[in-house]
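**Q** Next comes the sequence, and after it the predicted model I'd like to discuss.
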Amino acid sequence: MFEHPRSWSRGGGGGGDGGPPPVPREYRQAVKAVKAEDYTKAIGLLQTVIDKDPKNANAWNYMGYSLRHLKQYDDALAAYQKALKIKPKHRGPWSTLVNFTLRLVS
């Protein structure tokens, strides 16, 4: 359902070998919280990730997912839109938005 980050929006980093930077601890914890359906905790952790890296489309996608599960639909839509503005071909937000739209029209 979610795309695992292969690289982060800020280049460089990593162990000095030119590879992608390490995945932030807060992001890993947020993903665990989402999988455990602890969306409130996930939102707090994701906000920390987004504050540090506002161009992290994966964090915005998980933010939208978490907000949607807490029925905060307007905020979820805004988060998905931010993810798509950063990474227009990100499949996670597109899939969710299409499904959401289909539910509205049916």
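**A** Yep, it's here.
**Q** measure residue 103 to residue 88 for me?
**A** To residue 88, residue 103 is 23 Å away according to CB to CB, to the nearest Å. From N, CA and C alone the C-beta is placed, and that goes for glycine too.
**Q** what residues does stretch 31-46 touch?
**A** For stretch 31-46, contacts defined as CB atoms under 8 Å, 6 or more residues apart in numbering pick out 2, 26-27, 29-30, 59, 62-63, 65-67, 69-70.
**Q** From residue 35, how far off is the closest residue to residue 52 other than its chain neighbours?
**A** If the residues on either side of it in the chain are set aside, residue 52 comes closest to residue 24, at 7.0 Å by CB to CB, 6 or more residues apart in numbering. Distance, residue 24 to residue 35, by CB to CB: 17 Å.
**Q** Look at those two and report which has more neighbours.
**A** residue 24 (18 against 10; other CB atoms under 10 Å).
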